[in-house]
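> output the structure for:
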Amino acid sequence: MPKVYFVNLLSVAAVAFAAPLLLGLRPRLRLPAVVLEIVAGIVLGPSVLGWVRVDLPIQILGTIGLAFLLFLAGMEIDLDRLRGRVLRLSAFSFGLSLGLALIAGFAAFAIGLVRSPLLVAIVLLATSLGLVVPVIKDANEESSQFGQLVIAAASIADFGAVILLSLFFSVEASSIVTKLLLLAGFVLVVALVVLGVTRVARTMPIAGLLVRLQDSTAEIRVRASVLLLIAFVALAQRLGLETILAAFLAGATVRLIDQDQRRTHPNFHLKLEAIGYGFLIPVFFVSSGLSFNLRALFASPSSLLRLPLFVAALLLVRGLPAVLYRRSIGGRRSLAAGLLQATSLPFIVAATAIGLQLRLMSPATGAALVGAGLVSVVAFPLAALTLLRQMGIRDGPGRVLESAKTQGGDT
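Numbering: from 1, shown residues only. The predicted structure is shown next:
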């Protein structure tokens, strides 16, 4: 058994603790904690000071943290909202984003900035649902048509990007036809799990047992969710599919099964968030900073030029399609929706890691894409909130809560 040291993990834990604490002391600095975590990782890592490096404990916990982040993102998907006009507009928006992403990817390839235009196009497609939803809640917009459109569009974008990445760029090489068959089999397993667990959980003895054990030291619902996450990830690995897809579907599966959360176990989601955001997910973000290749980004003017170009590409690919919402929510709200849709970071980090592993992306391109994601997380939600405030909304859906002032560092 290899000897395991925890000195580097101690530094990561210290950053994870200090980042939200410092932001809490400066409530006017509306900066997501994940940005500070990644930046601290960059400064402490090999790119700058060289005090901390990614070793075995950080690597394992960071991988689990990414899975848990996507698991929680999957749990945010509300299928009840994905219907009617909201579904149509969100689907059309994603279709337009896909076309724009392909144009941007091939344009970048034509001028020699990227090696794989399709991979870059997929990287640009996602919206960070886990980062956008808190912003919408801070603005008290989650029940408004604006909030429903943005959440639905982010859900479809996240799901579509993960599916496309798993189909076209998997570490386990296989043909597209084989991957489609394996994906169909995986979805069938998910459907059977949802059907089977739902029926078993609704039987009176099992339902009563779950309620009795859910808040005891057994924490049975949390353990069942972790079991489902690990089972899906293990099955995806066995089939040669991306584990990020499995983690996302595991979260969506829990959401489908767990229909009576508010009535019987209102603290269940909070417990899962405590595990994720309190422990595992910060390790992923700090380790992403530790692995960030700052030297490659500043190696040449052409490398540095990629950063603003990718920021503009995010706005083009995910922001421009929000013009489709103009009739429904108005011009300024459409602009705010576009800014929120262009907010992306966790998927960019995961996808660039795959691209670097497959040698389809240069270190400079990977660093520029992650840097563009950092800029989007810092600037776009703040600009969207500012737009909503300028509209002078005070009461009802759309009112910007005071929590946006006091919890501006939360993600």
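
> please count neighbours and contacts with C-alpha atoms only from this point.
Noted.

> show me the shaky parts of the protein.
For the chain, the stretches flagged by pLDDT under 70 are 1, 30, 78-82, 138, 142, 170-176, 201-202, 204, 259-264, 391-411.

> farthest from the middle of it: give me that residue.
P205 (36.9 Å; C-alpha atoms, centre = their mean).

> what sits against that residue?
For P205, the contact set (C-alpha atoms under 8 Å, 6 or more residues apart in numbering) is empty.

> for S47, helix, strand, or coil?
coil (DSSP: H, G, I helix; E, B strand; the rest coil).

> in contact with it, which residues?
L290, F292, N293, L294, R295.

> secondary structure element for the residue farthest from the centre of the chain?
Using DSSP states H and E, P205 falls within helix 204-213.

> how far does that helix sit from its chain's centre?
Distance of helix 204-213 from the chain centroid (C-alpha atoms, centre = their mean, to the nearest Å) equals 33 Å.

> C-terminal to that helix, what's the next element?
Heading C-terminal from helix 204-213 (DSSP H and E), you reach helix 220-239.

> which positions in that next one come out as buried?
Under the neighbour-count criterion of 16 or more other C-alpha atoms under 10 Å, helix 220-239 has 220-222, 225-226, 228-230, 232-236, 239 buried.

> just the C-alpha atoms of the helix holding P205, please, in PDB.
C-alpha atoms of helix 204-213 as PDB (Å, rounded to 0.1, in the frame of the first residue of the first chain):
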ATOM      1  CA  MET A 204     -45.800   1.100   3.300                       C
ATOM      2  CA  PRO A 205     -43.200  -1.000   5.300                       C
ATOM      3  CA  ILE A 206     -40.300   0.400   3.200                       C
ATOM      4  CA  ALA A 207     -41.600   4.000   3.200                       C
ATOM      5  CA  GLY A 208     -42.000   3.900   7.000                       C
ATOM      6  CA  LEU A 209     -38.500   2.400   7.400                       C
ATOM      7  CA  LEU A 210     -37.000   5.100   5.300                       C
ATOM      8  CA  VAL A 211     -38.700   7.900   7.300                       C
ATOM      9  CA  ARG A 212     -37.500   6.300  10.600                       C
ATOM     10  CA  LEU A 213     -33.900   5.900   9.500                       C
END
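
> what separates G41 from A16, distance-wise?
10 Å (C-alpha to C-alpha, to the nearest Å).

> what residues do the two have in common as contacts?
V286.

> higher neighbour count, those two?
G41 (31 against 27; other C-alpha atoms under 10 Å).

> the one helix or strand the more buried one maps to packs against which elements?
For G41, the host element (DSSP H and E) is helix 33-44. In terms of contacts (3 or more C-alpha pairs under 8 Å, 6 or more residues apart in numbering; DSSP states H and E), helix 33-44 is packed against helix 7-25, helix 281-290, helix 363-390.

> which residues touch P321?
S93, F94, L96, S97, G338.

> try 7 Å
S93, L96, S97 (C-alpha atoms under 7 Å, 6 or more residues apart in numbering).

> quick check: it vs G278, distance?
35 Å.

> cool, I206 as well?
30 Å.

> looking at those two, which is more packed in?
Neighbour tally, I206 and G278, criterion other C-alpha under 10 Å: the higher count belongs to G278, 15 against 12.

> gap between R306 and F292?
15 Å.

> ditto for T253
33 Å.

> next: L374.
L374 is 12 Å from F292, by C-alpha to C-alpha.

> those two: who's more crowded?
F292 (27 against 24).

> please, which helix or strand holds that one?
Going by DSSP H and E, F292 is not part of any helix or strand.

> re the thing from before, contacts for the helix holding G41?
By C-alpha under 7 Å, 6+ apart, helix 33-44 touches 15-16, 19-20, 48-52, 285-290, 292, 374, 409-411.

> please repeat the previous calculation with a cut-off of 6 Å.
Identification of contacts with helix 33-44 by C-alpha atoms under 6 Å, 6 or more residues apart in numbering yields A19, P20, L49, G50, W51, V52, F285, V286, G289, L290, G409, D410.

> now do it: distance to the chain's middle.
Distance, centroid of helix 33-44 to centroid of chain: 17 Å (C-alpha atoms, centre = their mean).

> likewise for stretch 331-346?
With C-alpha atoms, centre = their mean, you get 15 Å for stretch 331-346.

> buried residues in that stretch, which are they?
333-346.
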